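Engineer: Predicted model follows, preceded by the sequence.
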Amino acid sequence: MADLLLEDRLLVELKSVERFSPVHVKQVLTYVRLMNLPLGLLMNFGTATFREGVRRVANDRVLRGFVS
């Protein structure tokens, strides 16, 4: 289950690991596809800086028709 869902449009998955693994990105992509959401954020609190620990995951199946 996803950690946060903001305004039914942005999924946020929280981790605390040394570095992202491909399975972490696939997990977020699966969530956004199943929930038909345009975007997901994978946030890792185990890195030295916040910038290193954030990854944007886009659901290309939804973004083609998405208008904000």
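Structural biologist: Received the coordinates, thanks.
Engineer: Run through this structure and note the low-pLDDT ranges.
Structural biologist: Under the criterion pLDDT under 70, the flagged ranges of the chain are 63-68.
Engineer: If we ignore the residues flanking it in sequence, what's nearest residue 44?
Structural biologist: Leaving aside its sequence neighbours, residue 44 sits nearest to residue 53 (C-beta to C-beta, 6 or more residues apart in numbering; 3.7 Å). The C-beta positions use only the backbone N, C-alpha and C, and glycine is treated the same way.
Engineer: what pairs with the host helix or strand of residue 57, and is each one parallel or antiparallel?
Structural biologist: In this structure, residue 57 is located in strand 54-58 according to DSSP states H and E. Sheet pairing of strand 54-58 (DSSP bridges) gives strand 39-44 (antiparallel).
Engineer: just the angle between the helix or strand encompassing residue 31 and strand 39-44, please?
Structural biologist: Using DSSP H and E, residue 31 sits within helix 22-34. Counting by axes from the mean of the first three to the mean of the last three C-alpha atoms, to 10 degrees, helix 22-34 lies at 150 degrees to strand 39-44.
Engineer: Quick one: list the elements packing against helix 22-34.
Structural biologist: Contact here means 3 or more C-beta pairs under 8 Å, 6 or more residues apart in numbering; DSSP states H and E; on that basis helix 22-34 packs against strand 10-15, strand 39-44, strand 54-58.
Engineer: please redo it, this time with the cut-off set to 10 Å
Structural biologist: The helices and strands touching helix 22-34, judged by 3 or more C-beta pairs under 10 Å, 6 or more residues apart in numbering; DSSP states H and E, are strand 10-15, strand 39-44, strand 54-58, helix 60-63.
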